[in-house]
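*Asks:* need a 3D model of the sequence below.
(2 chains)
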Amino acid sequence: MALPVAFLGLFFAYPVAAIVTRGLKVDGRWQFGRVADVLGQSDIRHVLWFTTWQAVVSTVLTLVVALPGAYVFARLDFPGKQVLRAVVTVPFVLPTVVVGSAFLALVGRGGLLDELWGVRLDTTVWAILLAHVFFNYAVVVRTVGGLWAQLDPRQEEAARMLGASRLRAWRTVTLPALGPAVAAAALMVFLFTFTSFGVVQILGGPTFSTLEVEIYRQTSEIFDLSTAAVLTIVQFLAVGAILVVHAWTVRRRETALRLVDAGLTARRPRGAGQWALLAGVLASIALLLVLPLAVLVQRSLDAPDFAYYRALTGDDGHVFLVPPIEAIGNSLEYAVVATAIAVVIGGLAAAALTRPDAGRLVRGFDALLMLPLGVSAVTVGFGFLITLDEPPLDLRASWILVPLAQALVGVPFVVRTMLPVLRAVDQRLREAAAVLGASPWRVWREVDLPMVRRALLVAAGFAFAVSLGEFGATVFVARPDRPTLPVAVARLLGRAGELNYGQAMALSTILMLVCAVALLVLERLRTDRTGEF
Amino acid sequence: MLLGLEAATVRFGGRAVLDGVDLEVGEHEVVCVLGPSGSGKSTLLRAVAGLQPLDSGRVLLDGRDQTGRPAHKRELGLMFQDHQLFPQRDVGGNVAFGLRMHGASRKEQQERVRELLDLVGLPGAARRAVAALSGGEQQRVALARALAPRPRLLMLDEPLGQLDRSLRERLVVELRELFGRLGTTVLAVTHDQGEAFGLADRVVVMRDGRIAQSGTPLEVWQRPADAFVARFLGFENVVEANVTGEVAVTPWGKVPVPEGSPQGPRTLLVRPAGVRLVPADEGLRCTVAARTFKGTHVAVHLQPEGAPRLEAACALRDAPEAGDTVGATFDVAETAVLA
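*Replies:* Residues are numbered from 1 along each chain as shown, chains lettered A, B, ... in the order given. Here you go, the predicted model:
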């Protein structure tokens, strides 16, 4: 327990606290008046309003599109289901930068829709909303569908036997059981969209700005630290509130549901209704999830002889100090180190959280561990720069800063993946081993480890994919001569010219492929109890 | 004494789940703790095993205080209620687990596993998957696993709880034989009196974290310590009575009691076999409320006027029909005045 606390304290709480202090303390005096000043500005109020509004609409849209998908994945059996499950998860682990560029390629200037019908959405809010649905589809399918698949169909049958119609049985038995899972998924989506950065940064243009984007703009473009600090606090409070509600719904979800093996509840589709639903879901996946990625790949190839890919190896000396292709190696190295850190810290935290003697305080830490997911990555990155630059921790010039920042985002995923599995290990199994003469360490090795080995691999895979795509914090701490893939993509997109655009698409494609491969490997390892993501 | 508990107390919240329990188990003795759910009997086992720390009192093994000694160093065997076999290991891996923890060589492990699987009647099952076993087989594997490291004391938590009746009765006999042959010291807990009486040299009845009675199965059966123990053993005919000489005055009238019974206000037990049915005008006038077939006899439930119900055991051919009016008299050999 001590190590995770120290890690989060040093690399998360300290930088965030430091940047807030720097923003609000002028000449050694607290300037709380600034909070009112900042919140009084009409453009800031507009950002707050837009952030909340787009998060709500994105969440509702995602639920509407993804809930039928959750049903189809949970209860219908069809060829290619496994592969399709992996496909819908790809967007979730895709770097936001890639999602942004994929939608740019689809609905942006010179995009597919522009070419076909002259429709451009990149200046409208629709591009952002669609990208958010694209991004979070998997959250709903995995969280809700995962539970749905394990609900005992006999409960519904019991209700039917007592005289309820099919719809009534669903409404009175299944829906209440799913309720907490739907709520938890909705809150996760809300959280992710509320703090959305990469997507809005690329698609939002100058018109649309979320809190996170505004914090980035205030810190790195306008250098107005006190405004950024106020916004950080506002975001922190909002995220904290969301997480409290989320922890509550998760706890309710863990109560007393009779679960059965997911493999037993799926049936081949029957009747026109189920076939139509299946077709609808497949069509929505094709249009919303597959098409943007396909267009991205097509754009990257839209020059003779793989010109964009070949250009990546060239050293044109303008955009970077090194050939863009080197970003791949950098990203992989950083992601491996970040994964190792995240697995150790997250694994220890999850193990500590499931100890039978864990008190209320420790269990409260559960929700706290999710904070890095929601707190402005930009703040963390900038906080790193201003806090870890003096002895004893002078890491500013060190490469380790990047994996540290990425691991922060990976830890919540590791914890969330490991917790349900560890909680499912019967405590009496550990006791049985102890009575047979196994010391606590032996018990862990002989009982816990064999059961969580797969979950550990899955967690590592998620941490790897997330680290690979991390952008908000990395953009601050990555050294100019060692950019990561998402940083390189963003910089290429930020520059005019056909060649830069094509290279961005090419790099995004490479990044997507690396993530997809990591995910397909995971899908093979997937157990039924591998948490919420 | 192999095992001794001295004023062992465990509190959950404010409630004492074990309340000053004193208990001794001698070498080669089979002791069964009997009690309803929530009486603290599982907590007793967990406290002895070292899985549940005591709030006060001591656990002694061979006279040595075990306070602060973790479960894995106590060299005890515990068979869990639902077996808790390790799902990712096969039968052999489960049985060998304790041996492995104690550093036995591979060859020793193999020999011991074979020996134990023969002993519990599953020869050659070492490579089978645990998930493929029936309830009775899991039971045997769990027993073999607990016995493998030769524990000083074997503890069984509801050992036959989830098995069906005929299998349970067969296993009680098998276990009794096995423990006698191996000379194993056993401390078992159960809520099933048949299991306890079948297995044990000595039965300990628990109520609300305290020991209500301790004695041989025969002693406990013949002379339950109080109304609680009598009712828990399944006796219905328990009433308040005033004893003078060899007569007890009860709501059912005067009932003869054995010579030398305790005197004054007491609790009286009349076993069902001690309720004799006679013509209506010769005894306590009752209406037959219900009759239930028990295999060897029929239990007849009688409703006297203005008095608690009586249960009588009688032969099938003598049993009256529901609704009949009969008389009841009492046999002194089947009555007992409780403390």
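*Asks:* all contacts plus neighbour counts: C-alpha atoms, from now on.
*Replies:* Will do.
*Asks:* for the nearest residue to B:Ala146 once chain neighbours are set aside, grab phi and psi.
*Replies:* The shortest distance from B:Ala146 to any non-neighbouring residue, by C-alpha to C-alpha, 6 or more residues apart in numbering or on different chains, is to B:Gly77 (5.0 Å). Main-chain dihedrals, B:Gly77, degrees, to the nearest 10: phi -110, psi 140.
*Asks:* got the residues of chain A near chain B?
*Replies:* A:428-429, A:431-439, A:447, A:450-451 (C-alpha under 8 Å from any C-alpha of the partner chain).
*Asks:* top of those by neighbour count?
*Replies:* Neighbour counts for the residues of chain A next to chain B (other C-alpha atoms under 10 Å in any protein chain shown) peak at A:Leu436, which has 30 neighbours.
*Asks:* might one say that that one is in contact with B:Arg74?
*Replies:* No: the criterion here is C-alpha atoms under 8 Å, and A:Leu436 misses it with B:Arg74 at 9.2 Å.
*Asks:* circling back: just the residues of chain A next to chain B: which are in helices?
*Replies:* Among the residues of chain A next to chain B, the residues falling in helices (DSSP state H) are A:Arg428, A:Leu429, A:Glu431, A:Ala432, A:Ala433, A:Ala434, A:Val435, A:Pro450, A:Met451.
*Asks:* I'd like these laid out as a markdown table, including pLDDT.
*Replies:* Below are those laid out as a markdown table (pLDDT from 0 to 100):
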| residue | pLDDT |
| --- | --- |
| A:Arg428 | 84 |
| A:Leu429 | 86 |
| A:Glu431 | 88 |
| A:Ala432 | 89 |
| A:Ala433 | 90 |
| A:Ala434 | 90 |
| A:Val435 | 89 |
| A:Pro450 | 81 |
| A:Met451 | 78 |
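*Asks:* residue in chain B with the shortest distance to chain A?
*Replies:* Sorted by distance to chain A under C-alpha to the nearest C-alpha, the residues of chain B start with B:His72, at 3.9 Å.
*Asks:* so who does that residue touch?
*Replies:* A:Ala434, A:Val435, A:Leu436, A:Gly437, A:Ala438, A:Ser439 (C-alpha atoms under 8 Å, 6 or more residues apart in numbering or on different chains).
*Asks:* do you know how far the closest residue in space to it that isn't next to it in sequence is from B:Val204?
*Replies:* Closest residue to B:His72 apart from its sequence neighbours, by C-alpha to C-alpha, 6+ apart: A:Gly437 at 3.9 Å. Using C-alpha to C-alpha, to the nearest Å, A:Gly437 is found at 28 Å from B:Val204.
*Asks:* pLDDT score assigned to the closest residue to B:Gly161 other than its chain neighbours?
*Replies:* With C-alpha to C-alpha, 6+ apart as the criterion, B:Gly161 has its nearest non-adjacent residue at 7.0 Å, and that residue is B:Gln81. At B:Gln81, the predicted lDDT confidence score is 82.
*Asks:* B:Gln81: neighbouring residues, count only.
*Replies:* B:Gln81 sits with 19 neighbouring residues when counted by other C-alpha under 10 Å.
*Asks:* so it makes contact with B:Leu143?
*Replies:* No: the criterion here is C-alpha under 8 Å, and B:Gln81 misses it with B:Leu143 at 11.2 Å.
*Asks:* okay, and the helix or strand of the chain with the least pLDDT?
*Replies:* Going with chain A. Counting by mean pLDDT, DSSP states H and E, chain A has its least confident helix or strand at strand A:393-394, which shows a mean of 61.
*Asks:* sorry, should have said chain B
*Replies:* helix B:165-182 (a mean of 86).
*Asks:* what comes up buried for that helix?
*Replies:* Residues of helix B:165-182 classed as buried by neighbour count (16 or more other C-alpha atoms under 10 Å in any protein chain shown): B:Arg168, B:Leu171, B:Val172, B:Leu175, B:Phe179.
*Asks:* that one packs against which elements?
*Replies:* helix B:193-199 (3 or more C-alpha pairs under 8 Å, 6 or more residues apart in numbering or on different chains; DSSP states H and E).
*Asks:* what does the residue of the stretch 101-250 of chain A found nearest chain B show for phi and psi?
*Replies:* Residue of the stretch 101-250 of chain A nearest chain B, by C-alpha to the nearest C-alpha: A:Gln150 (19.8 Å). Backbone torsions for A:Gln150, taken as degrees, to the nearest 10, come to phi -100, psi 0.
*Asks:* now it: how far from A:Arg75?
*Replies:* 9 Å.
*Asks:* what mean pLDDT does the helix or strand following the least confident helix or strand of chain B have?
*Replies:* Next along the chain after helix B:165-182, taking DSSP states H and E as the criterion, comes strand B:186-190. Strand B:186-190 carries an average pLDDT of 93.
*Asks:* ok, strand B:186-190 near chain A or not?
*Replies:* No: against chain A, strand B:186-190 shows no contacts by C-alpha under 8 Å from any C-alpha, the least distance being 14.7 Å.
*Asks:* show me what that strand pairs with in its sheet, parallel or antiparallel.
*Replies:* Partners of strand B:186-190 in the sheet, by DSSP bridges, are strand B:30-34 (parallel), strand B:154-157 (parallel).
*Asks:* reformat the ones you listed as a markdown table; add mean pLDDT and distance to B:Gln213.
*Replies:* Output for the strands paired with strand B:186-190, formatted as a markdown table (pLDDT from 0 to 100; distance: least, C-alpha to C-alpha, whole Å):
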| stretch | mean pLDDT | distance to B:Gln213 |
| --- | --- | --- |
| strand B:30-34 | 94 | 10 |
| strand B:154-157 | 92 | 19 |
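*Asks:* among these, which is the most enclosed?
*Replies:* Among the strands paired with strand B:186-190, strand B:30-34 has the highest mean neighbour count (mean count of other C-alpha atoms under 10 Å in any protein chain shown), at a mean of 28.
*Asks:* that one: how far from the chain's middle?
*Replies:* Centre-to-centre, strand B:30-34 and its host chain are 6 Å apart (C-alpha atoms, centre = their mean, to the nearest Å).
*Asks:* hey, C-alpha coordinates of that strand in PDB?
*Replies:* The C-alpha trace of strand B:30-34 is given here as PDB (Å, rounded to 0.1, in the frame of the first residue of the first chain):
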ATOM      1  CA  VAL B  30     -13.500 -37.400  18.200                       C
ATOM      2  CA  VAL B  31     -15.500 -34.400  19.400                       C
ATOM      3  CA  CYS B  32     -18.500 -32.900  17.600                       C
ATOM      4  CA  VAL B  33     -19.700 -29.400  18.200                       C
ATOM      5  CA  LEU B  34     -23.400 -29.300  17.600                       C
END
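*Asks:* check which element follows that strand along the chain.
*Replies:* helix B:41-49.
*Asks:* after that following helix comes which helix or strand?
*Replies:* Next helix or strand after helix B:41-49 toward the C-terminus (DSSP H and E): strand B:56-61.
*Asks:* what strands line up against the helix or strand following that next one, and which way round?
*Replies:* Proceeding N to C from strand B:56-61, the next assigned helix or strand is strand B:64-65, under DSSP H and E. Strand B:64-65 sits in its sheet next to strand B:56-61 (antiparallel), going by DSSP bridges.
*Asks:* now the angle from the partner strand to helix B:41-49?
*Replies:* 60 degrees (axes from the mean of the first three to the mean of the last three C-alpha atoms, to 10 degrees).
*Asks:* what comes into contact with strand B:56-61?
*Replies:* B:1-10, B:20, B:47-48, B:65-67.
*Asks:* please repeat the previous calculation with a cut-off of 10 Å.
*Replies:* For strand B:56-61, the external contacting residues (C-alpha atoms under 10 Å, 6 or more residues apart in numbering or on different chains) are B:1-11, B:18-25, B:47-50, B:64-67, B:74, B:76, B:152-153.
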